[in-house]
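In: heads up, no residue letters with this:
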């Protein structure tokens, strides 16, 4: 059975890069009816944030990426004695060694290497000393000094590293906590993880992990290193570009199905013209071999495009359940469904709702210069508004069709253009240059308020 895992460090909300990789892990497992598991890697105590565990779970729940062990994930800090035992066994068997080098000595080594233009790494000073494990000591893995470590990456193909370029990494710190390198190798084995899908930043560490697996007599899992997400300028993704905690997207009004669809296409090529995929469809279609090696470009406009699409798919009743309750309470409840349906056409996110229907929440300000259509005149605009006012006042059955009939009749009877009539009425009702058609606005505003706004526009002109 295929088993993958999401193994976040609780040091803050996971960002879109973490969750995009998590999505790939989830899809790969579910396509083959395998298992997708959660593990909390909380051995970095300096950056540990207990509250972020709740955030991690909330993000998974929101996106419907539910691990099979969601209620009882493995937590690394609960198994410290076990990792220490494994590290000491590696040292006893000659695959690791105790190191008592001081912080000052290590800093001096790094400085000398940097000055000479060499890659930083431990110099093996304690490698053959056979020291006892005492206070202030660490345990380092003993990397073979010759040969190569090779593997076939499921995304990148065949990869080789010369062992003499691989550092003798610390696997157990002086405080008794394991490093990522040891802990995740032990956990992946014990959780029977078959495929390790992770960010490409871990590619250079993979030989260390293969060597540790082999030293421990474990079956080496298959690896797939997912390319990074790049900014629109092909640089490192920043907060300004979209590198924010995944739950920030929820606060900004994005829908989970839009984010899932968007993230799936960040690096994965479905080999079709299709753009829209539900999570269920992705489970059937996803293939690791179709993940690109090159970095994926983050494009907020594309995310907005997806979000708008999924907003449009939702019935007004569904959206009402997602929109700000305080804003909804200020609106005429009898027209709430119509208002939401009208607004969603002009919304990219749920957060766009309030500014989109702002004309319903209070009085609008009219700029005389904007009231007049660019190809019209003040005199023509005044004439059009007077005729519209009189026509609307006579309507008994207040509906879009009746309102539009009045506007079209004014165009014909007044020998005016559509711009002469529809533009000033729309602007008078909404106070905005971009808004729905005037008949749609007037319908949700109601007859009394619509006439008041047209009257106000006449006073302005």
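Out: Nice, I can see it. Keep in mind that this is a model prediction, so the values were computed, not measured.
In: check which residues of the helix or strand harbouring residue 160 are buried.
Out: Taking DSSP states H and E as the definition, residue 160 sits inside strand 157-162. Buried residues in strand 157-162, defined by neighbour count with 16 or more other CB atoms under 10 Å: 159, 161. Where you see a C-beta, it was placed from the backbone N, CA and C, and this is true even at glycine.
In: same thing with stretch 128-141?
Out: 133, 137, 138, 139, 140, 141.
In: now secondary structure and pLDDT too, for the residues you listed, in TSV please.
Out: Shown next, in TSV, are the buried residues of stretch 128-141 (DSSP: H, G, I helix; E, B strand; the rest coil; pLDDT from 0 to 100):
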residue	secondary structure	pLDDT
133	coil	95
137	coil	97
138	strand	98
139	strand	98
140	strand	98
141	strand	98
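In: out of the residues you listed, which one sits closest to residue 62?
Out: Residue 62 lies nearest to residue 141 out of the buried residues of stretch 128-141, by CB to CB, at 38.4 Å.
In: excluding its backbone neighbours, what's nearest the residue lying farthest from the centre of the chain?
Out: Distance from the C-alpha centroid of the chain, by CA atoms, centre = their mean, peaks at residue 413 (54.5 Å). Spatial nearest neighbour of residue 413, excluding adjacent residues (CB to CB, 6 or more residues apart in numbering): residue 387 at 7.1 Å.
In: can you lay out the buried residues of stretch 128-141 as a markdown table showing distance to residue 268?
Out: A markdown table is the format used below for these (distance: CB to CB, whole Å):
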| residue | distance to residue 268 |
| --- | --- |
| 133 | 45 |
| 137 | 45 |
| 138 | 40 |
| 139 | 39 |
| 140 | 38 |
| 141 | 34 |
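In: between those, which sits nearest residue 230?
Out: Within the buried residues of stretch 128-141, proximity to residue 230 (CB to CB) peaks at residue 141, which comes in at 32.5 Å.
In: which strand residues bridge the closest one?
Out: On the basis of DSSP bridges, residue 141 is bridged to residue 96.
In: check which helices and strands the strand holding residue 160 sits against.
Out: strand 148-153, helix 206-215 (3 or more CB pairs under 8 Å, 6 or more residues apart in numbering; DSSP states H and E).
In: same thing but at 6 Å, please
Out: With contacts defined as 3 or more CB pairs under 6 Å, 6 or more residues apart in numbering; DSSP states H and E, the packing partners of strand 157-162 are strand 148-153.
In: shouldn't residue 80 be within a strand?
Out: No. Checked against DSSP: H, G, I helix; E, B strand; the rest coil, residue 80 lies outside a strand; its state is helix.
In: tell me the contacts of it?
Out: residue 176 (CB atoms under 6 Å, 6 or more residues apart in numbering).
In: in contact with residue 196, which residues?
Out: Applying CB under 6 Å, 6+ apart, we find residue 196 in contact with 221, 223.
In: re the thing from before, which element is the residue nearest to residue 413 on?
Out: Here residue 387 is assigned to helix 378-393, by DSSP H and E.
In: in that helix, which residues are buried?
Out: Using 16+ other CB under 10 Å as the test for burial, helix 378-393 gives 380, 381, 382, 383, 384, 385, 387, 388, 389, 391, 392.
In: can you give the strand pairings for the strand holding residue 160, parallel or anti for each?
Out: Per DSSP bridges, strand 157-162 is paired in its sheet with strand 148-153 (antiparallel).
In: do me a favour and average the pLDDT over the partner strand.
Out: For strand 148-153, mean pLDDT rounds to 98.
In: also stretch 184-196?
Out: Here stretch 184-196 scores 98 as its mean pLDDT.
In: end to end, how far does it reach?
Out: Using CA to CA, to the nearest Å, the gap from the first to the last residue of stretch 184-196 comes to 10 Å.
In: now residue 132. Its backbone dihedrals?
Out: Per-residue torsions, residue 132: phi -80, psi 150 (degrees, to the nearest 10).
In: and it, how far is that from residue 139?
Out: 11 Å (CB to CB, to the nearest Å).
In: okay, buried residues for stretch 312-332 please.
Out: Residues of stretch 312-332 classed as buried: 314, 316, 319, 323, 328, 331 (neighbour count, 16+ other CB under 10 Å).
In: check stretch 401-421 too.
Out: Buried residues in stretch 401-421 (16+ other CB under 10 Å): 402, 403, 404, 406, 407, 410, 411, 414, 416, 419, 420, 421.
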